Structures are given as C-alpha cells and as structure tokens.
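>>> Here's my sequence, what's the structure:
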Amino acid sequence: MTDEQAAPIPGEHSTPPASYGRSLLSYLLRNKTADTNPLTHVRDIPGRDANYGSWPDWILPAARTCLHEQGISHLYTHQVETAEHAWSGQHVVVATGTASGKTLGYQLPILTSLATNPLASALYLSPTKALGADQLRSFQELLNGTIAASPSGDDAAPASQTALDNLRTIHPQQYDGDTSTDNRRWIRDHSRFILTNPDMMHMSLLAQHQRWMRLLRNLRFIVVDECHAYRGVFGSNVAIELRRLLRLAHHYGSRPTVILASATTSHPAEAATRLIGMPVTAITADGSPQGERTIALWEPPLIPGVEGENGAPLRRSVTTEASDIMADLVSEGARTLTFVRSRRNAEQTALDTQSRLEEYVLTGDVPPDAVQRVGAYRAGYLAEDRRELERHLNDGTLTAVATTNALELGVDIAGLDAVVIAGFPGTVASFWQQSGRAGRRNQGALVVLIARSDPLDNYLVHHPQALLDKPVEATVTNPANPNLLVPQLWCAVGELPLRDVEVAAWSQRDGVDVASLLAEMQDAGMVRYRQTGGGAWYPAGRYDEAWQQVSLRGGSADDVSIVCVEDGRLLGTADTARACAQLHEGAVYLHQGDSYLVQELDLVNGLALVTTDTPPWDTYARSDTQVHIEHVVEEVQLGRAANSMSVGIADVTVTRQVKAYEKKSHRGEILGLVELDLPPTVLHTQAVYYTLHPAFCSHWGIDDEQVPGTLHAAEHAAIGMLPLLADCDRADIGGLSTPLHEDTGLPTVFVYDGYQGGAGYASRGYREIVEWLTATRDAIESCSCVDGCPSCIQSPKCGNGNNPLDKTGALKLLGAVTALFNAAE
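Next up is the predicted model:
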C-alpha cells in the first residue's frame, strides 16, 4: 500500500490529525491486519475555498434578487466567465467539477436574452431524459422566482414591464418520446426554451424542420449539457447532427451561440470544437468550494479454495465488498452513496447491506431502524423518484443508497459523508463525477474505489498516479467516419439541398472528402447533383427513409429489435453482429441497468425476445474471429534483425462467428458451456496492430510453445487497458492474436474498433501506443497471481475460453516491445 500524508490506519506509526474521511477509513480497517489490509493507496485531496466574481451588469435585476432570496449572493468565477462569453456571442465550454454550479453559467444569459427579446428562443440538449427533467425544474424555479421578484404595474418602469411580459411567454418545456402529440404541437408553436435529447432532435426537429421554423429562425442559444458523454460512435453521430442543426439555423437566419457543459476533461476546448465544428473557448478554473476528500483504493482479497476458468484464483466480488463497506459506514452514521454497475447489483447490494446491519442490530451496534434507512435507486429515470431520493437522503430518512450511474448526473444531494464506487466506472471523468458527490458541501468525506477483477481496475489501484494525477482522458469522437457520415449526409440533403460551397467547407473543417462520398451516394441512387444555382446536391430515391437509416448509438441502421415478451415493450435495437454476441438464445442481456434473459433471437425477422426472469449467472459468448487487412494506413518499423517489429494502423475486415456461450456464477465460477448455431458477421473497421520478427520471441527467451499463449495474454491485457487512454468501454473493442497471420506472415496482435467504420479507439491506441503497452505490462506485473487471472490476462469475452495464456511470456514480450519504443524515442 502507498499512502500520501500518512494515514491513521492499522500498522502505521504516523498519527497526524485525522479528518472525517480518515476516521471513517480507520473504522473500516479496524479488524484488518497487515496481511489482510485491502488498501493499495490512500490520498487526501485538499478542500478549496470559493472564488467569486462580479455580477455581470446585463443580468436582470429581478433574477439577481431571486438568487439572493435563494441564498446565492455571489457567483463563482467560472459561472461569471461562462455567462460573459455566452452573452458576448462566443461559443464556450465550462469544464468544472461535480456540483460546481455550471447550470447558472448558461441559465443567466438565456433568461436575460429571452426577457429582452420576445421572439428569442433557446434549445437545451442532454444525453438523458432525467437530466433534462432536472434542468427544466431548475430553470422553471429561476424563471418563477424572477417573475415574482420583478416590479409590475405602476411600480414598473417600461423596460421592466416589457421584460416581465417577455418572461411570461418563455413557457419552458421538455420535448421527448413521452411528450403527447397535442403537447408536441403546442410546444412547437409556443415554447421559447425547449429541452430535448439528440434522438428527438434528429427525428423531429431536424427531419421536420419546417414545423420548427419559429424556433430555428430565432434561436439565440444552444446548450449541450454533459458534453463529455458524447464520445465514440454516439458522440460522433451527435457531432454530425449538431452540424445539421447549425446549418438549418443559419438557413432560417439565426446564428446561435453554443454553450457546452462538461465534467473536468482533458483538452475540453478541442473536444468541444470537434463536437460542434466551430472554435470554442474553455473555462476550466473551478471557483466553487470543495470539501476535503480522502481517496482510498481497495483491492478485494482472494477467496480461499475457489477457482475460476482454467484454475485461476478469484477475488471477492465488488458487490459483496461494497455491501460490507456500506454497512460499516452506516453503522458509523455516515451518509453513503454506492455506485454499482447494474440495477440488479444495486438491489443486491442494498439487500446484503441490510442483512449485515441486521447482525449489527442483534449485537446492539446500531439501532433497529438502521436497516430500513438503506435503499436502492431502481425506479427508472422518473423525476419524482429522484426528488424523493434527494429529499430522503438530505433529511436523513435514508442513510445510504446503492445506485447505478443514473445518479451520477442531475441530482442535488447534500451532506454525503462517503461514496463507494464498486468497480472503476469506465472513465476517469466518471470517477471524479461520482466521487464529487462526497464532501460537496465543503466538508470532509471518504471515497472508496473497489477494484473489480479486471486488468484496468487492477492497474489503477496499483498505479494510483494513473487515476489521481493524470489529466482526465480526452473525449474521442470522429465525425469524419464515412459509415456515420453517409447516412447523415443523406438526411442533410433531404433537409436542404447541399450547396458546393457547403461541401467544400464541411470537407475542410472535418478533414473528409465529402464530395467523393456524395458521388458514391449518387451511384447508389441516394442523391443527385444539379449545376444550377452554383451547384448543389439534392435528395433522390426513397429519401424519406433517410432519417430511419441513422442509429445514433450504432454505426448503421439497427437490424434487430429487442422486445420484452411480458409487456411488448421495445427496449432498444442492435446491429446483427452485436445481436449474435449479446442477444443469442440463453444470453443474459443488460439494458440500462436491468437484466433480461433472451428467449429467442430471430435474425430473419430482426427480433430478439427477452424476459425479465433472469437466472443467477452471467453469460459470455465464445466465437471464432478472423481479421483481414484491407489497407495499411500507416506503419512504423522499430529495431533491427531479430530484435525488430512494426506497429501500424489499418483498415480491416473482421469476420466473427459466435459458436457457444459460457455460463458463469457471479463469483466467476464456470457453470457450463452451451453450443450455438449462428451465422458469421462481417465488420469493416480499423485496427491497431504490431508484428514481430520471426525470431523476436526466441531472442527474448520465449520458447516456441509459449508464443501462442504469450501473444494471447498480451492481447487480452492490452484490450483491458485501452479504455485508460481511449475513453471507451472494453465492450467497444475486440482483438486477435496469432503466431502466423495470413496477411503479415508474422506473429501479429490486433486490437480493433467494434463499430462499422471504426470509432477512433484503435487510432487513439496507435497514437498512444508507448503509454498504452507500458501500462499493459505494468498491469500484468502488479497482479499478485502466478499464472494469470481475471485481474490481469483473462478476458470475460474470450472466444477461446482463455486458453492458451502465458503470463510470464507476456511480461517478457511487453518488456521487450516497450524497450524498443523507448530506444526509438
């Protein structure tokens, strides 16, 4: 274990004054010995005082009065800077911490602008319906308070009365899939501040833009909230969608200012610029106060006598560990929020915590009502449920809640003493977002990150600098991806003829040959070109189908609908490749935190029928995979003779056939293997790869019989570590390793994007390959197992049953590879 600002914990001699977070941690470790201490690192994150700015002179006096009455007598510096940039017409992104008050930075210029101009309108986009509902409530409270504080009648100056009249015509409304037909019509005709999401914007506002002429003609502001959530394929599609929105706004005569809000991320200005296609200024200095936090990294112990796949040792599950920690924190009176991966895990964690507390009741350590003060957030994304949860946590009705990341955004929970994170949440940004829920009222608090049996989790708890000291990962988007761009170009042409000057500007802005793509679309009968009026592209064929051909969260139009048989609900869609891997008969499928059992996969009719009756195990597909190199984009040679290798990025075709699935208990034990009969699927994507000289492995002491297991283990660990750099999930990428690849004729390792056309993850891995493979080697080396386990080289989705794998050989190989990289620098 490493410890910064030495902690008062068992086995240590230094005893500085303990903060509240430290005292909670000491209690968690009260029965641990030096041999059983699960901590790998502890760090104190100092608190900070608030930094205030001056009120802008353009803010409505009544709005300022309203905020004073709410106890807000000053604005934080980042709120002032955001508001001033937006008011002056500069596109701006504010990237500050959780609960830092980013909302006021965009609410104030919107409110003032709509009060000044009776026609002005604004559009708000959020990645989730719940966040939109929260923001609607927040803006409505500000609007109502401002109206109430405004002078009226004989007491009002003409300008004040005009502003009051304009405020009463804003009519903020949420426009989403649950909005009734009548309400949609009323919102289009009357609302001047509309809160929606990318899906509704695509299918309604853009596809039917003539109906939205009033909004688009007077659009003053566009807010893109939680913009760090727009990453990968989804983010790339939203980036193209925003270009379409701004194009239509310009057509109708408006030049809206875009205000983006983000968690703390690396290079926020660059990410925001890539998202909207125009220069953006970043505000990153956080002026809000933050209480001191103690960050504890926690590795569950091995379970004696329990073995996983191929005899690998297994650790206690994160949910079991989280339940014990949660119960101990509750017994100390600490208000606690525990983040888990799924709603099923949230419910199980809450139940296990209650069971542990019942034991404490019997021993007199806690009062009987402590058991009932633990709950799970599992009621979906309904605003009233979230409000009730906030109220119960704030007034002490609930002491602790286990939740999915649904509560990562859009809640106002005060006074939290501890946050438990059951498994790394996937990105450093999400880690800080979740941990920011602790100590958010300028008080000390504890944050515990429990490592899952996963290479990335294992790496982070043993290399804390990669989590706590590195900049938050940059958001990866690629709006130039042809597979995503072509269907949206079809939509854009269907919305408005695409003029040659626009084609040239689009190509220059995003570095993609749009004219060539349009020419290919013309050959396919999707568009046609006319020379008249300076030259423009027009829709052709069944272009009314264009908007249905875009899947914002997938690379192409989805082929398989996921339907719950109990109530006929459409849960979502998936392309054929993902359906075969995740929706085959017998699969346990996770959708928005809920688990379902797949009863039938009908590829002919595009249906996956699921039920809510799920078994007490998880399923993992086994498959055969082939990778064919279509085109080498770039390749670099390193070393000489036997000690040589090449590293490259290539366009590839991945052919995959799911052959069976494996059933595993929640502890990781193998329960059985079930064979499947499914067709192969083809994926055209990008891969980062490296090849080795035929004598490379033997040069570094790796025997011939070790080579397959060595490459396989290195591939698995690399896939597990790429999310550290590429802002992706392990499920977004795949890989292949072989001692002799048919295209290269050499030992080769591939890691490819799991989306048609690629999502930018392999490209990021290629650019950061030195850091990536160095971290991969360190992750394997830091794992305490002997021959390999799920925390280092085993993969839950391995198509070959994690066989063969050679941990020793992988360490030698990656050590040699990184040595070559370092020598070349």
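>>> Need phi/psi at residue 627.
Note on residue 627: its backbone torsions stand at phi -120, psi 130 [degrees, to the nearest 10].
>>> right, and it touches residue 685 too?
No - judged on C-beta atoms under 8 Å, residue 627 makes no contact with residue 685 at a distance of 9.5 Å. Where C-beta positions appear, they are placed from N, C-alpha and C, glycine not excepted.
>>> what residues are shared contacts of the two?
Contact criterion C-beta atoms under 8 Å, 6 or more residues apart in numbering; residues shared by residue 627 and residue 685: 652, 654, 752.
>>> List the ones among these that fall in strands.
652, 654, 752 (DSSP state E).
>>> need these in a markdown table with pLDDT and distance to residue 462, can you?
Output for those, formatted as a markdown table (pLDDT from 0 to 100; distance: C-beta to C-beta, whole Å):
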| residue | pLDDT | distance to residue 462 |
| --- | --- | --- |
| 652 | 97 | 33 |
| 654 | 96 | 32 |
| 752 | 97 | 28 |
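>>> So which of the residues you listed is the closest to residue 428?
Taking C-beta to C-beta as the measure, residue 428 lies nearest residue 752 of these, at 23.6 Å.
>>> That closest one: what's it in contact with?
Contacts of residue 752 (C-beta under 8 Å, 6+ apart): 627, 652, 654, 683, 685-688, 733-736, 762.
>>> Now it: closest residue in space that isn't a chain neighbour?
With sequence-adjacent residues excluded and distances taken as C-beta to C-beta, 6 or more residues apart in numbering, residue 752 is closest to residue 687, at 3.7 Å.
>>> Closest one of the ones in strands among the shared contacts of residue 627 and residue 685 to residue 94?
Using C-beta to C-beta, those come closest to residue 94 at residue 752, 35.2 Å.
>>> give me the number of residues near residue 159?
9 (other C-beta atoms under 10 Å).
>>> So it, which state does it fall into?
What DSSP: H, G, I helix; E, B strand; the rest coil gives for residue 159 is helix.
>>> From residue 151, how far off is it?
10 Å (C-beta to C-beta, to the nearest Å).
>>> The contacts of residue 752 in helices, which ones?
residue 762 (DSSP state H).
>>> Kindly reformat the contacts of residue 752 as JSON lines containing neighbour count.
Formatted as JSON lines, the contacts of residue 752 follow (neighbours: other C-beta atoms under 10 Å):
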{"residue": "627", "neighbour count": "26"}
{"residue": "652", "neighbour count": "25"}
{"residue": "654", "neighbour count": "22"}
{"residue": "683", "neighbour count": "24"}
{"residue": "685", "neighbour count": "26"}
{"residue": "686", "neighbour count": "26"}
{"residue": "687", "neighbour count": "29"}
{"residue": "688", "neighbour count": "28"}
{"residue": "733", "neighbour count": "25"}
{"residue": "734", "neighbour count": "25"}
{"residue": "735", "neighbour count": "25"}
{"residue": "736", "neighbour count": "22"}
{"residue": "762", "neighbour count": "27"}
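>>> surely residue 756 meets residue 485?
No - look at residue 756 against residue 485 with C-beta under 8 Å: they stay out of range, at 11.9 Å.
>>> Any regions of the stretch 551-700 of the chain where pLDDT drops low?
Applying pLDDT under 70 to the stretch 551-700 of the chain flags residues 554-558, 592-593.
>>> The same query, at a cut-off of 90, please.
Counting by pLDDT under 90, the stretch 551-700 of the chain has low-confidence residues at 551-561, 566-578, 581, 590-595, 604-606, 612-618, 620-623, 664-671.
>>> Strands along that one, start to end?
560-564, 570-574, 588-591, 594-602, 607-611, 618-640, 643-664, 670-675, 681-692 (DSSP state E, counting those that start in this stretch).
>>> The last one pairs with which strands, and in what direction?
Using DSSP bridges, strand 681-692 pairs in its sheet with strand 643-664 (antiparallel), strand 748-753 (antiparallel).
>>> Of all pairs in the contacts of residue 752, which one is the farthest apart?
683 and 688 (15.2 Å).
>>> Tell me where the model's unsure across the stretch 301-450 of the chain.
Judged by pLDDT under 90, the stretches of the stretch 301-450 of the chain that qualify are 302-314, 341-348, 375-397, 403-416, 426-430, 432-444.
>>> can we see that at 80?
307-310, 342-344, 377-391, 393-396, 405-415, 439-443 (pLDDT under 80).
>>> from the shared contacts of residue 627 and residue 685, which is closest to residue 369?
residue 752 (53.7 Å).
>>> Enumerate the beta-bridge partners assigned to that closest one.
residue 687, residue 734.
>>> That one and residue 248: what is the separation?
36 Å.
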